[in-house]
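K.L.:
Here is my input, please return the structure:
(one chain, ligands or ions: 1)
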Amino acid sequence: MQFTPPLARLIEHFQKLPGIGPKSAQRMAFHVLKMNMQDVGEFAFALVDCKEKVRNCSQCYHLSALDPCEICTNDRRDLSTICVVADPRDVIALERTREYRGLYHVLTGLISPLEGKGPDELTIRDLLGRVQKLGVKEVILAINPTIEGDATVLYVQGILKSLPVSITRIAFGLPVGSDLEYADDITLSRSLAGRREV
Ligand code: ZN
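P.N.:
Down below sits the predicted model:
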């Protein structure tokens, strides 16, 4: 017994989402059928609206509907510090701690020789440009201690070596390989406070 085509199509789309198996996809599709038309309309609109409006900031590469983003244009941020992260979700995690007042730079990934991802596919060149232009005094590397993370840290260090900037890496009181975005606020605050020169 097959699902009728529109329902099958919806299930198929849900199943493409990360972490969603066939059973969950079916449950979600059946839930949509029970929702009222207005909620379904708003849901569909939110998908398209988000996709249309949200972009990487042309300066820091964080995700925002504004360009430059809210952080880059906030004149109360400390321009002398840039915190380098792999993913926009790491910016959200660090902002949640309310400890950090500097700028960010999102690399949009990590160097991964196994996946064939080299430094040119990341935003490392732009980071160099920003450090020079803004006269940044400290670059904080908030990069997970994985093989890819360590390779990326080494590369960024090399690129920034000739500049008069102090390079620190946040201290992970976290198990190796754990994700920054899942760290609780207190652990993350401590990691930030305990950053060390690399
Ligand atoms: Zn920005």
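K.L.:
Name every strand pairing with whichever strand in the chain runs longest and say which way it goes.
P.N.:
Of all the elements of type strand in the chain, the one with the most residues (DSSP state E) is strand 78-85. Strand pairing for strand 78-85, determined by DSSP bridges: strand 102-106 (parallel), strand 138-141 (parallel).
K.L.:
Name all residues that make contact with residue 160.
P.N.:
Neighbour list for residue 160: 127-128, 131, 139, 167 [criterion: Cβ atoms under 8 Å, 6 or more residues apart in numbering]. For glycine as for every other residue, the C-beta is placed from the backbone atoms N, C-alpha and C.
K.L.:
Could you point out which of the residues you listed is nearest to the ion?
P.N.:
Using Cβ to the ion, residue 127 is the member of the contacts of residue 160 that lies nearest the ion, at 12.3 Å.
K.L.:
What distance do you get for that closest one to residue 17?
P.N.:
Distance of residue 127 to residue 17, given as Cβ to Cβ, to the nearest Å: 31 Å.
K.L.:
Which of these two has more residues huddled nearby?
P.N.:
The neighbour comparison of residue 127 against residue 17 (other Cβ atoms under 10 Å) goes to residue 127, with 22 against 10.
K.L.:
Please enumerate the helices of this structure.
P.N.:
Along the chain, counting by DSSP state H, helices occupy 5-15, 22-34, 37-53, 88-96, 124-134, 147-160, 185-193.
K.L.:
Select, out of these, the one closest to the ion.
P.N.:
Among these, the nearest to the ion by Cβ to the ion is helix 88-96 (9.1 Å).
K.L.:
would you put the C-alpha positions of that closest one in CSV?
P.N.:
Output of helix 88-96 as CSV, limited to C-alpha atoms (Å, rounded to 0.1, in the frame of the first residue of the first chain):
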residue,chain,number,x,y,z
PRO,A,88,27.3,30.0,12.5
ARG,A,89,25.9,27.8,15.2
ASP,A,90,29.1,28.3,17.2
VAL,A,91,28.4,32.1,17.1
ILE,A,92,25.0,31.5,18.6
ALA,A,93,26.5,29.3,21.3
LEU,A,94,29.1,31.9,22.3
GLU,A,95,26.7,34.8,22.2
ARG,A,96,24.5,32.9,24.6
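K.L.:
quick one, that helix and helix 185-193 angle?
P.N.:
Calculated by axes from the mean of the first three to the mean of the last three Cα atoms, to 10 degrees, helix 88-96 forms an angle of 90 degrees with helix 185-193.
K.L.:
Could you dump the helices of the chain into TSV and include mean pLDDT?
P.N.:
Shown next, in TSV, are the helices of the chain (pLDDT from 0 to 100):
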stretch	mean pLDDT
helix 5-15	97
helix 22-34	97
helix 37-53	98
helix 88-96	93
helix 124-134	95
helix 147-160	94
helix 185-193	79
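K.L.:
Deepest in the core, which of these is it.
P.N.:
helix 88-96 (a mean of 19; mean count of other Cβ atoms under 10 Å).
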